[in-house]
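Engineer: Let's see this in three dimensions:
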Amino acid sequence: MKLLTKMSSQKSWVVCCFFNFLIASLMGLLMRYVYLFPLNINYSFLLHAHSHVAMLGWAYLMIYVLIVRFFIPKEKSQKPIYNQLFWVTEFAVIGMMVTFPIQGYALFSIIFSTMHIVLSYVFCWLVWRDGFKDKRSDHKLLLAAILFMVFSTFGVWCLGPAVSMLGKQSAFYQIAIQFFLHFQFNGWFLFAVLALFLKQFEDKIEKKSFKIFFTLLIIATFLTVAFPVSWYVENNLLSWINTIGVVLQLVAFVHFYKMLKPQINSFKANLDSTTKIVYGLALCSLFLKIGIQLLVLIPNLAEISHQIRSFIIGFIHLTTLGIITGFLLGVLIQNKLLSHQSYLLRAGIKCFILGYIATEILLFIQGGFLYFGKGALWGYYEEIFGTSVLIVVGLSLITASIIKTKNICLQ
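Structural biologist: From the prediction side, this is the model:
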């Protein structure tokens, strides 16, 4: 009976994460709907809700689930604290889900956001206490991930003083936001999903290449924060620091490839076609991200990269939907936490990927049109709405397939 309760509880974790993801995607769809049929809603408030639920309700909590599954010893992960912490964190997410669309950044949304940060500190402490019993490569990546997560929140704690001293339009305020986002996406999220991915190789990776990859990626993560800072502070030194960071990142992922190359064929041989597709999505998105970061070393592109909204959204979605979600789906399906035999799941995955690729193409083409002064792409808003529907439908099918699956055992 206890085992069944545990399995049911853990299945509810996965369902909850996908429910959050679905809500975030519906909010995104609504934001695209208002360009076609204006509604009496505050777009900025809805954007805050969309971004917070996607980051903290989907990416954070799904990583939480998989860290507990793969890095916390069974006898410790079954302690009530992990289940209680998950649901209190979900309560904070629901609080943001409700309050941000109503009031934007205000008292109650800030309370729930702050609550989530404090709970994330508790999670980091638990992982530190229970999860580091050896010095394997995946554990080193996870350690870096949780340190980056804590480090990123320093930017959040600077927002209050920034507003009170200089106001929301100040460079200090904007840099604090970019500091948080940079170390969340390029630190906490990226290192965490790479740790989960390397865990699947069962410590068969080449250690020398990993050491170079790991060291260079950490250095690059710190250096490339100079790029968003340069949007608000004019200093040529920032450009050079970012250039060094981007080049080191490229070298790091060359070693990432060399590290995995001897194991790739045997690794692929044990994967079903759906898992291969989502891992392929994640890796292609990762190297496309690196390519874009190399492109924006060109001064003209660097200058407009943060001024054209389509480019910004496309890059953010490349990271969140392509890299982070791709790796998470791959780990879930590979370990049978999602059933690749489910027709609903396979259809949902294909629908989601098709919608993701189509929206990315439209976003970057639209950005290109604006860059060259050609105006809006014909039928852009109708097309981006239609392709976004595919993402919502895909996530709905995936969620339905999980609910329909009888058992999910995370231990």
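
Engineer: in what helix or strand does Asp203 lie?
Structural biologist: Assessed by DSSP states H and E, Asp203 sits outside every helix and strand.

Engineer: quick one: contacts for it?
Structural biologist: By CB atoms under 8 Å, 6 or more residues apart in numbering, Asp203 lies in contact with 136-138. Just so you know, the C-beta spots here come from the backbone N, C-alpha and C atoms, and that holds for glycine as well.

Engineer: Quick one: those residues as TSV, columns for pLDDT too.
Structural biologist: As requested, these are exported to TSV (pLDDT from 0 to 100):
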residue	pLDDT
Arg136	83
Ser137	86
Asp138	88
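
Engineer: Show the buried residues in those residues.
Structural biologist: 136-138 (16 or more other CB atoms under 10 Å).

Engineer: so who does Lys289 touch?
Structural biologist: 315, 318-319, 322-323.

Engineer: For Tyr105, which non-adjacent residue is closest in space?
Structural biologist: Spatially, and ignoring its direct neighbours in sequence, Tyr105 is nearest to His48 (6.5 Å; CB to CB, 6 or more residues apart in numbering).

Engineer: quick one: the one you found and Gly104 touch, right?
Structural biologist: Yes: using CB atoms under 8 Å, His48 is in contact with Gly104, at 5.7 Å.

Engineer: quick one, which of these two is more surrounded?
Structural biologist: His48 (21 against 16; other CB atoms under 10 Å).

Engineer: what about Gln341, how many residues close to it?
Structural biologist: Residues near Gln341, counting by other CB under 10 Å: 12.

Engineer: sorry, back to before: take the contacts of Asp203 and write them to CSV, including secondary structure and distance to Lys208.
Structural biologist: Shown next, in CSV, are the contacts of Asp203 (DSSP: H, G, I helix; E, B strand; the rest coil; distance: CB to CB, whole Å):
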residue, secondary structure, distance to Lys208
Arg136, coil, 15
Ser137, helix, 11
Asp138, helix, 16
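
Engineer: Just give me the closest of those to Val65.
Structural biologist: Distance to Val65, by CB to CB, is smallest for Asp138 among the contacts of Asp203, at 16.4 Å.

Engineer: Quick one: residues contacting the closest one.
Structural biologist: Per CB under 8 Å, 6+ apart, neighbours of Asp138: 71, 195-196, 198-199, 203.

Engineer: For ChimeraX, write the selection for the buried entries among those.
Structural biologist: Typed into ChimeraX, the line below selects the buried ones among the contacts of Asp138, using 16+ other CB under 10 Å:
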select :71,195,196,198,199
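
Engineer: Return the closest of the contacts of Asp138 with respect to Ile218.
Structural biologist: Ala195 (13.1 Å).

Engineer: Not counting sequence-adjacent ones, nearest residue to that closest one?
Structural biologist: Leu141 (3.7 Å).

Engineer: My understanding was that that neighbour contacts Leu190; is that so?
Structural biologist: No: in this structure, Leu141 is not within contact of Leu190 by CB under 8 Å, at 9.4 Å.

Engineer: sorry, back to before: which strands or helices does the helix or strand where the residue nearest to Tyr105 lies pack on?
Structural biologist: Per DSSP H and E: His48 is located in helix 43-52. Packing partners of helix 43-52 (3 or more CB pairs under 8 Å, 6 or more residues apart in numbering; DSSP states H and E): helix 2-33, helix 80-103.

Engineer: check contacts around Val88.
Structural biologist: Neighbours of Val88 in contact, by CB under 8 Å, 6+ apart: Leu119.

Engineer: roughly how far apart are it and Thr114?
Structural biologist: 13 Å (CB to CB, to the nearest Å).

Engineer: ok, how many other residues are close to the residue lying closest to Ile205 once chain neighbours are set aside?
Structural biologist: Spatially, and ignoring its direct neighbours in sequence, Ile205 is nearest to Met259 (5.1 Å; CB to CB, 6+ apart). Neighbour count of Met259, defined by other CB under 10 Å: 23.

Engineer: So what's the predicted local confidence for Met259?
Structural biologist: Per-residue pLDDT puts Met259 at 90.

Engineer: pretty sure it contacts Glu206?
Structural biologist: Yes: counting by CB under 8 Å, Met259 touches Glu206, with 5.0 Å between them.

Engineer: Give me the spatial nearest neighbour of Phe54, chain neighbours excluded.
Structural biologist: Wrong residue type there; residue 54 is Ala, not Phe. Nearest non-adjacent residue to Ala54 (CB to CB, 6+ apart): Ala24, at 3.9 Å.

Engineer: should've said Phe197
Structural biologist: Here the residue nearest Phe197, using CB to CB, 6+ apart, is Phe327, at 5.3 Å.

Engineer: Within the helices and strands, which one has the one you found?
Structural biologist: helix 325-334.
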